[in-house]
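Asks: sharing a model that was predicted from the sequence below.
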Amino acid sequence: MKTYRKELTFFIPERRGIVNITDRVREAIRESGIREGIVLVNPMHITASVFINDDESGLHRDYEVWLERLAPEKPYNQYRHNGYEDNADAHLKRTIMGRESVVAVTDGDLDFGTWEQIFYFEFDGKRNKRVLIKIIGE
Ligand code: ZN
């Protein structure tokens, strides 16, 4: 069995943003030389998510509106976590959208359904954040 590890760094200039990272994950699979296995992708932070869904701008806007309804960013003083920090909403949004995505690797590529794409979802940006890619297989 082979393993391969890679980190990506993202700097989102706004508080929140969605980035399609599918091609970056494909690149890592190519670099790994692994043909059959599993790829894990997760942010190394507790205020960001990696999720799989459609690359459709209307849907991405819907996520923003829906998450703001569930865990509004403001007013900051509605959250107990917000004292030194102001990012309680980002922790909650990350919990809703999940931590990681795991995808099967078949014949050296992502074994995806037609519309599946991998996204990094930032909830507390304006700083560098890391994403881990770990591939295991042979
Ligand atoms: Zn915090």
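Replies: That came through, no problem. This structure is a prediction, so every number in the text was calculated from the model and none was measured.
Asks: give me the low-pLDDT residue ranges for this structure?
Replies: For the chain, no stretch is flagged by pLDDT under 70.
Asks: got the residues of it near the ion?
Replies: The chain comes close to the ion at residues Glu85, Asn87, as judged by Cβ under 5 Å from the ion. In this view, the C-beta of every residue, glycine as well, is placed from N, C-alpha and C.
Asks: spell out, range by range, the helices that occur in the chain.
Replies: Here the chain has its helices, by DSSP state H, at 22-32, 57-70, 88-97.
Asks: how about Ala104, what does it touch?
Replies: Gly37, Ile38, Leu110, Asp111 (Cβ atoms under 8 Å, 6 or more residues apart in numbering).
Asks: for Asn77, see how far away the residue nearest to Arg94 when sequence neighbours are not counted is.
Replies: Spatial nearest neighbour of Arg94, chain neighbours left out: Ser49 (5.1 Å); criterion: Cβ to Cβ, 6 or more residues apart in numbering. According to Cβ to Cβ, to the nearest Å, Ser49 and Asn77 sit 25 Å apart.
Asks: neighbour count: those two, which is higher?
Replies: A count of neighbours by other Cβ atoms under 10 Å puts Ser49 above the other of Ser49 and Asn77, at 24 against 9.
Asks: ok, that one touching Arg99?
Replies: Yes - if you go by Cβ atoms under 8 Å, Ser49 and Arg99 touch, sitting 6.7 Å apart.
Asks: coming back round to it: out of the helices of the chain, nearest to Val131?
Replies: helix 22-32 (8.4 Å; Cβ to Cβ).
Asks: break down this structure into its strands, ranges please.
Replies: Secondary structure of the chain (DSSP state E): strands at 2-11, 17-20, 37-43, 48-53, 101-106, 109-110, 117-122, 128-137.
Asks: which one of those strands lies nearest to Arg26?
Replies: Judging those by Cβ to Cβ, what sits closest to Arg26 is strand 109-110, at 6.3 Å.
Asks: mind listing what that closest one pairs with, with the direction of each?
Replies: strand 101-106 (antiparallel) (DSSP bridges).
Asks: next one: the partner strand to chain centre, how far?
Replies: 14 Å (Cα atoms, centre = their mean, to the nearest Å).
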